[in-house]
Structures are given as structure tokens and as C-alpha cells.
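In: Model the structure of this input:
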Amino acid sequence: MDLADDPVEVHDYLAAFEPPVIDFGLPHATHDDPPHRADPSVPEYGLWMSRVYDAWLARPEYGHSVRMLEDILALSSGVRGSVETLGLAPPTSVVIESDGSVEAVDTLRSVEEGASWLGLDVLRHSFDEALSHPKLLHRQHGKDALAEQCRACPLVDVCGGGYLPHRFSEAQGYRNPSVYCADLEYLIRHVQGSLRQHGWNPYARAASPP
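Out: Presented below is the predicted three-dimensional model:
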């Protein structure tokens with residue numbers, strides 16, 4: 001996402017290529033290096049992505065998926081999402097480098113030097129060993145690994161506390177709300193508000209989004 005671009009124009013331009021899936025990603029940022037905002041009091045990234053959501057719904061003829069939005073729809077309805085940027089499911093992916101080393105998701109490199117390094121490789125270690133590595137254990141405990149503010153939030157099952165790199169600070173590690181907390185709240189509530197207009201009941205979770 002780039003706040004300098006019009007979100008509807010970006011969505012429609014990409015959709016014109018008829019891709020099966022379009023991904024939108026929040027810029028990598030931490031509490032020590034927060035994202036650019038013209039007005040810090042406004043959830044600008046949430047507003048931006050909400051306009052993408054509206055454009056996506058308004059153009060069903062394109063037929064593509066937008067994974068972030070589909071995950072919010074799924075998680076709001078009690079279905080597990082497909083990406084690790086949202087929800088509380090433990091991670092199931094690692095990165096295999098060209099030299100055979102096994103690392104945590106490479107976006108952790110935006111946090112600090114060596115954040116993704118596990119000291120493992122495919123010749124000597126199993127993937128189970130990688131997923132149980134001490135550096136990844138904080139991802140295995142769901143709500144218990146989150147900041148108190150996140151644990152008390154009614155949207156935590158959908159947001160999941162936000163993407164792991166976006167929670168980081170040198171002072172408290174990953175036990176912080178996402179630097180995009182307000183943006184995620186705005187977007188999730190916008191999507192859920194749309195669902196309610198179509199008769200969705202959050203207290204009667206469906207097997208799939210309506």
C-alpha cells in the first residue's frame with residue numbers, strides 16, 4: 001500500500017490484468033521505525049484498504065481474490081484464514097534459502113539484523129525442529145503471546161494482534177499491539193459492517209462467509 005496512490009485506481013489497474021489473486025501489503029514498520037502517515041491521528045492505511053474493499057465488492061465481474069480481505073471475511077465467520085498476517089493460528093511456513101538454511105519468515109529481517117536466523121539447515125534439521133525453535137515459540141501460544149491491550153480486544157480473533165514484525169519494539173519485543181492497530185480495527189469494522197448489511201450475525205458463526 002502506498003498512501004500517495006488512489007486505492008481504487010490501483011485495484012482496478014491490477015484487476016484489469018485478470019489475475020486470480022491480488023495481494024496488498026502494509027509497509028514494513030515497527031514501533032521503533034513507525035510507518036509514514038500524513039496525519040497520525042487518522043487510520044490512513046485502514047481507510048485506504050477499505051476503499052479497495054468497496055471497489056472489490058463493486059466489481060464482481062473481475063472474479064479475483066484479495067487475500068487480506070477474504071481472510072477478514074473468513075476469520076469474522078469463524079473460518080481459519082490463509083495468511084499469517086491475520087488471525088491467531090500458529091505459523092506453518094519457513095523460508096529455505098539457496099544454501100539450504102532454514103529461516104523464519106523473511107519479513108522479520110525488517111525488524112532487526114538476524115531476526116529471521118534460526119541456525120538450522122535442511123541437511124541436519126527437520127521442519128518440525130524449525131517450527132519448535134525458541135525464536136518461533138511466541139507464535140505458538142495464540143492470545144497468551146499478545147499484549148494485554150490485544151487480549152482484551154473484541155477483534156483479536158480476526159486481527160490476531162497484527163503481523164508479527166509490526167508488533168516489534170526493542171523495549172518489549174513482540175508484546176505490543178501492531179503499529180497498524182487503528183488501521184486494522186477500522187478495516188475489520190468496515191468489512192464486518194458490510195457483512196451485517198447482508199444479514200451476517202457475528203454470534204452465529206457460519207461455516208463460510210455469507
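In: Tell me where the chain is predicted with low confidence.
Out: Scanning the chain for pLDDT under 70 picks out 137-140, 200-210.
In: Other residues contacting the top strand by length along it?
Out: What stands out as the longest strand in the chain, according to DSSP state E, is strand 117-121. Outside of strand 117-121, the residues within contact range by Cβ atoms under 8 Å, 6 or more residues apart in numbering are 94, 99-104, 129-130, 133, 135-136. Every C-beta, even on glycine, is put in place using the N, C-alpha and C of the backbone.
In: and these, which are buried?
Out: 94, 101-104, 130, 133, 135-136 (16 or more other Cβ atoms under 10 Å).
In: Filter the residues you listed down to just the ones in strands.
Out: Checked against DSSP E, the buried ones among the contacts of strand 117-121 include these in strands: 101-103.
In: Kindly reformat the residues you listed as TSV containing distance to Glu18.
Out: Shown next, in TSV, are these (distance: Cβ to Cβ, whole Å):
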residue	distance to Glu18
Ser101	37
Val102	36
Glu103	34
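In: which one of those residues is nearest Pro60?
Out: Nearest to Pro60 among those, counting by Cβ to Cβ, is Glu103 at 39.0 Å.
In: measure that closest one to Glu113 for me?
Out: 13 Å (Cβ to Cβ, to the nearest Å).
In: Next: Lys143.
Out: Distance from Lys143 to Glu113, by Cβ to Cβ: 29 Å.
In: Between the two, which is the more surrounded one?
Out: More crowded of Lys143 and Glu113, by other Cβ atoms under 10 Å: Lys143, with 14 against 7.
In: Now do the contacts for the residue positioned nearest the centre of the chain.
Out: Nearest to the mean C-alpha position of the chain, by Cα atoms, centre = their mean, lies Thr85 at 2.4 Å. Applying Cβ under 8 Å, 6+ apart to Thr85 gives the contacts 25-26, 68, 71, 162-163.
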